[in-house]
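Visitor: next one to model:
(chains A, B and C)
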Amino acid sequence: MSVQGQHYREFVRTFFTSPTAVEGEDDSAKMLRRAAQLRGMEAPDVWVPDNEDATAPSMRDEGAENIVDVVSEHGSDFPGQIHPRVVWHRNDPNTRYRGFQHMLQITDPEKRAVEFIDGFVIPEVGDIDDWKKADEFITIVEEEHGLEEGSLAMSVIVESAQAELALADLRDEISKPTNNLGRLFLLVDGEVDYTKDMRAITPTGELPSWPELRHNTSRGASANGLIAVDGPYDDIRDVEGYHGRMTDNQAKGMLGIWSLTPGQVVEANKAPLPPKTGSWLLDTNDHAAELKEEDTRYVYEGSALELEETSDGRYRLRVDGDERELNADELREELLDLIEYVPSMNDIVDSMEKFQAAKEAGKGAIAMEQSVTLLIDRTEINITKDRMWDEATYQAAQTPITLFQDVYENRLDQHEELKKMYGRNVVERAMNVG
Amino acid sequence: MSVQGQHYREFVRTFFTSPTAVEGEDDSAKMLRRAAQLRGMEAPDVWVPDNEDATAPSMRDEGAENIVDVVSEHGSDFPGQIHPRVVWHRNDPNTRYRGFQHMLQITDPEKRAVEFIDGFVIPEVGDIDDWKKADEFITIVEEEHGLEEGSLAMSVIVESAQAELALADLRDEISKPTNNLGRLFLLVDGEVDYTKDMRAITPTGELPSWPELRHNTSRGASANGLIAVDGPYDDIRDVEGYHGRMTDNQAKGMLGIWSLTPGQVVEANKAPLPPKTGSWLLDTNDHAAELKEEDTRYVYEGSALELEETSDGRYRLRVDGDERELNADELREELLDLIEYVPSMNDIVDSMEKFQAAKEAGKGAIAMEQSVTLLIDRTEINITKDRMWDEATYQAAQTPITLFQDVYENRLDQHEELKKMYGRNVVERAMNVG
Amino acid sequence: MSVQGQHYREFVRTFFTSPTAVEGEDDSAKMLRRAAQLRGMEAPDVWVPDNEDATAPSMRDEGAENIVDVVSEHGSDFPGQIHPRVVWHRNDPNTRYRGFQHMLQITDPEKRAVEFIDGFVIPEVGDIDDWKKADEFITIVEEEHGLEEGSLAMSVIVESAQAELALADLRDEISKPTNNLGRLFLLVDGEVDYTKDMRAITPTGELPSWPELRHNTSRGASANGLIAVDGPYDDIRDVEGYHGRMTDNQAKGMLGIWSLTPGQVVEANKAPLPPKTGSWLLDTNDHAAELKEEDTRYVYEGSALELEETSDGRYRLRVDGDERELNADELREELLDLIEYVPSMNDIVDSMEKFQAAKEAGKGAIAMEQSVTLLIDRTEINITKDRMWDEATYQAAQTPITLFQDVYENRLDQHEELKKMYGRNVVERAMNVG
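Guide: This is a model prediction of the structure:
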């Protein structure tokens, strides 16, 4: 993708690193070339040819050359943005100087890769003053190579306590006249090195979940108009775990995640999008079980909840061991508290359209109703859930739709898959709502 | 309540918003008037006639008029403080100017409402410099209307990442000579808009729980002598959920909560007060079950724990599936770890009186003992729990009592209910202890 | 331990307070003397003769005298560092002045205690400017008594919202020319007073767990090269709870904890060290159960998982109620996700040695393999877990080994116990790796 006239999207779902040179590989540019040719759901929003950790230390000069070769050859067709990661360390001027040299080399206009480079990723940053050092090198790179000042983006990996603290300083520093920190793009957590920097220990050696770091990164992104991205999920076979992590992140406003494989890219591209079909959950003490649709009824098959209609038209309900006798209204009330609905893309678009129409008709709030027939232990019961929508509900519901619109506008290569997933009609309405 | 000589209480339990004007209502001041006449447990500590979100955008000028009308008529008799919410937005100067005009209008001395206005609530604030803009407008309002500088309180709704960051800047800014931020009163979280600002997504659309935001708000309040209040709890039928949220908040030092209905006000007025009677809990892996008092014994009726006396005077105890053989002493030790006591108001006052007496007698620490007879699966066992009280324990125990004293001094309209709840004797002792 | 040429260790596991004078004790220096004679696993890394909370207010002048007496007599033989706690309060100049006087008194060179005093612990600090006041007093103490400027360490108790905020300011202030904050050593959380300062309430009166405070303290320590220590664990009989708290802290990078008794010191000295023998865990929804070694097999004895081999060479697996039919490969895959290995000291040293050898041979990443035979409901199954180790994995694994090395170098009195615990060979290899 070209740096000229770029418009950073508000949302980045996938931050995909691929090694630029691995010791022992026959063709050290092979993995880069493979990554450059990913398309559709397998292609990331941001591709990071990685000349730091994923590249052997002795191969990094060659790695920078490989980036130039592969990006100049394949860059024009790559559907996402391209942000190589160079070496950097808050404690080591020599590493910082090498990173500067690699950036100069990669953006050499004679080599033609620069036309497709959107920015750089700077790992191991420290205080905000360390961020400024990297920013200054990029400014010099731009000047040396005749690029517009500020046109190259800069993303940082937050993997030290210092950098976490810098997240709170950023807003005071980002618009100072003597830096170009306005070029900042992604704030990416790097939990492996962060864990080392914090000197944390877990019995099995697995990474702590660092909820506060992720909150602070997301907050820093929100306060400065940037995008928060979570770190790598090592266990690449564990798709369920990767999904769980993304759900947790999304509730923190961290909608992007690092991907280590094209398989992870697919999962991470889809995870923040609303589902194709809605689903009902029944949420007992232990966990939320999805109800199974059968004809037009939703069947509960778990064992945490038992329901029986007694002879006199009353019900006996047992939830997590607590048993109660209820009449039909009480039972409905009780179940209302237990069920939840996960709306589909179509549902969200529907509700937004309804609310917009109501607003145009002068109404500030309307009730959205949803009915469902539950089948629990062979007892059938009808439930209607309603929720008041006002301006705030409407705007909060908008986040996944805005995300979808942003994706659709920027990722032409995913149009076919998105239409196949949602249907052409839903896609069109989603693009017009809000 | 009058602004003159006001003494902000240290604790605010209830922050109750009522719309000032709803499109389509016959009498747009009706809901305001109803709110102004709440008394006792149904009346909040802070009543917020809401001229922002709860009022239709086109009705806000009329809303300000309604505030003036209703507050001038009913303000003198309202038992809590009155802090109208005006419009404001960190990103929109026009909205800020309208908020300024509404404040000028509401406090016009000729209209007599100002005598009962304690301050204003400013929503959607950003950086600390944005807080200062609102503060400056209030200073001008005071000057224009002949009020003492700093006499009107200012509360803010923290509903953006920027405002969350400002919470950490506040202590450095609050006493600067060129502002009157000393007028700050409540720091109120607003999770709906915050969720939007953080671009967070949850599958069902329900709000994330934002523990870090609540911590940071509570910390900002504590560091600056202010009061932290949690945001609205939308599901107004879910009393249990509202209580759970308050318990969670109280453990964070956030003792106040937004109430959307007089029913929620009742719950929120009572929740931080100690209970009338103490209770014993048995806490197994899964959750804490309250023991049922029967005669003088406390009966465990759950199934997570099984106890059996074996023929040889020993016991077989099964907790969450783990079975062990124990003698009576070992059993007692085991159960000691599992049971907890929730002290009543009377218990807390008792312990404080005992500790005060000991301190006067020259002792720095004393043991508080509590005995209980448990009945588990028909086996009876006696247990004595003791806890060392020193100065720190004493002072920590004091928080709910200080809260009670503050409420009792400020809310004459709740005296009858409090005496009925606790008994006259306990109330008197609670007012004299500490 | 002597102040001259001291080299603060990177890790402090145990922060042990003992009262310097208790009202009513026959010999008010008795408890101090007992503490001064602790050795080996019962002796803490940092011993804190406590002239604040653990000493009766009226006895504090005598307490300071007792510190001088006991430290001058026993200090030379004490195996850890000695940091007395003096009185201090952010809101009370009189208390601060008394703390200053006690520091002057304790470090009087004629009394000879100062040779063994490594620094002071300052409780109840507020803003960073309050920290500077204490720092300035210590500078004056050093000047008055002919000690090198900056040679006395200063540790603070973080037990107010103000002090928690100061943790984020520290890095900007610590190297300013007009202070000696470079003397900072431990950042210790004090949750009892913090709970009071935050005005938090829990139903049973037990302390909130304050995860954000602990994160912020650990982050402040990491960003400034200091050491984070968690507060006291009151329930001294509850060894399991103390261990749970330490595991939670260690995952936050907070490797030290306050100890109230020599028994707690033993637990806290051992907790961050890797175990003598590795263990396999099986982690189902509810919790991680340790597998029992029997011959060379690891037996699952819980009930959350059921396994049965069906006639046709396939398996029926039931986890938390979910039942599935699997072939041998699918079963292995499923179990791989459920089991975890807790490596022993020997395992960690082994892996590090292997990785170092690979690195010397020019490899950047190698796979570490581990095989285990599981026995579940009489069905035997072989599983091989492998994990990629790269530079980052290696460095993260290093934290417990660096900790061990630091302990071993500084605590000669624990050598025997450590060799007995791990075996001489493992200890030697652990000292040479990394």
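
Visitor: how much space separates whichever residue of the stretch 51-200 of chain A sits closest to chain B from A:Asp235?
Guide: For the stretch 51-200 of chain A, the residue closest to chain B is A:Ala168, as judged by Cβ to the nearest Cβ, at 5.9 Å. In this view, the C-beta of every residue, glycine as well, is placed from N, C-alpha and C. To A:Asp235, A:Ala168 is 31 Å away according to Cβ to Cβ, to the nearest Å.

Visitor: neighbour count for these two, which is higher?
Guide: Taking other Cβ atoms under 10 Å in any protein chain shown, A:Ala168 and A:Asp235 do not tie; A:Ala168 has more neighbours (18 against 13).

Visitor: hmm, the more buried one is touching C:Ala168, no?
Guide: Yes: look at A:Ala168 against C:Ala168 with Cβ atoms under 8 Å: they come within range, at 6.7 Å.

Visitor: what touches both of those two?
Guide: B:Ala168 (Cβ atoms under 8 Å, 6 or more residues apart in numbering or on different chains).

Visitor: show the subsequent helix or strand relative to whichever strand or helix holds A:Asn249.
Guide: Assigned by DSSP states H and E, A:Asn249 falls within helix A:239-250. On the C-terminal side of helix A:239-250, the closest following helix or strand by DSSP H and E is strand A:256-259.

Visitor: direction included, what does that next one pair up with?
Guide: strand A:14-19 (parallel), strand A:227-230 (parallel) (DSSP bridges).

Visitor: just the mean pLDDT for that strand, thanks.
Guide: Computed over strand A:256-259, the mean pLDDT rounds to 97.

Visitor: out of the strands paired with strand A:256-259, nearest to C:Gly256?
Guide: Counting by Cβ to Cβ, C:Gly256 lies closest to strand A:227-230 out of the strands paired with strand A:256-259; the figure is 29.0 Å.

Visitor: excluding chain neighbours, what is closest to the residue nearest to the spatial centre of chain A?
Guide: Geometric centre of chain A, nearest residue: A:Gly256, 2.0 Å, by Cα atoms, centre = their mean. Excluding the flanking residues, the one nearest A:Gly256 by Cβ to Cβ, 6 or more residues apart in numbering or on different chains is A:Val229, at 3.7 Å.

Visitor: give me the beta-bridge partners of that neighbour?
Guide: A:Val188, A:Gly256.

Visitor: quick check: it touching A:Met254?
Guide: Yes: proximity of A:Val229 to A:Met254 meets the contact threshold set by Cβ under 8 Å, at 7.0 Å.

Visitor: before we move on, the earlier item: contact partners of the helix holding A:Asn249?
Guide: Contacts for helix A:239-250 (Cβ under 8 Å, 6+ apart): A:209, A:214, A:230, A:233, A:235, A:255, A:257, A:263-264, A:267-268, A:271-272, B:200-203.

Visitor: got it, and stretch A:376-383?
Guide: Contact partners of stretch A:376-383, identified using Cβ under 8 Å, 6+ apart, comprise A:297, A:299-300, A:305-309, A:315, A:328, A:331-332, A:335-336, A:339, A:371-374.

Visitor: avg pLDDT for it?
Guide: 90.

Visitor: and stretch A:63-79, by the same measure?
Guide: 96.

Visitor: just the buried residues of that stretch, please?
Guide: Of the residues in stretch A:63-79, A:63-68, A:70-75, A:78-79 count as buried by neighbour count, 16 or more other Cβ atoms under 10 Å in any protein chain shown.

Visitor: is any part of it close to chain C?
Guide: No: on the criterion Cβ under 8 Å from any Cβ of the partner chain, stretch A:63-79 is out of touch with chain C, staying 12.4 Å away.

Visitor: need the per-residue pLDDT for A:Asp248.
Guide: 97.

Visitor: and the gap between it and C:Tyr233?
Guide: 29 Å.

Visitor: give me the more crowded residue out of those two.
Guide: Neighbours per residue, other Cβ under 10 Å: of A:Asp248 and C:Tyr233, the larger number sits with C:Tyr233, 23 against 15.

Visitor: residues in contact with the more buried one?
Guide: Per Cβ under 8 Å, 6+ apart, neighbours of C:Tyr233: C:Gly241, C:Tyr242, C:Arg245, C:Ile257, C:Trp258, C:Leu260, C:Gln264.

Visitor: what is the neighbour count of the last one?
Guide: Residue crowding around C:Gln264 was assessed by other Cβ under 10 Å; the count is 20.

Visitor: please, where are all the helices along chain A?
Guide: With helices called from DSSP state H, chain A shows them at A:30-36, A:60-74, A:93-106, A:128-144, A:161-173, A:191-197, A:211-224, A:239-250, A:262-270, A:328-338, A:345-360, A:391-410, A:415-422, A:424-432.

Visitor: among these, show the one with the smallest mean pLDDT.
Guide: helix A:328-338 has the lowest average pLDDT among the helices of chain A, namely a mean of 88.

Visitor: what sits up against that one?
Guide: Taking Cβ under 8 Å, 6+ apart as the rule, helix A:328-338 contacts A:282-284, A:305, A:307, A:313-315, A:317, A:319, A:324, A:326, A:374, A:381-383, A:385, B:237-238.

Visitor: where strands are concerned, which of the residues you listed count?
Guide: A:282-283, A:305, A:307, A:315, A:317, A:319, A:324, A:326, A:374, A:381-383, A:385 (DSSP state E).

Visitor: would you mind listing which of those are buried?
Guide: Judged by 16+ other Cβ under 10 Å, buried ones among the ones in strands among the contacts of helix A:328-338: A:Leu282, A:Leu305, A:Leu307, A:Tyr315, A:Leu317, A:Val319, A:Leu326, A:Leu374, A:Ile381, A:Ile383.
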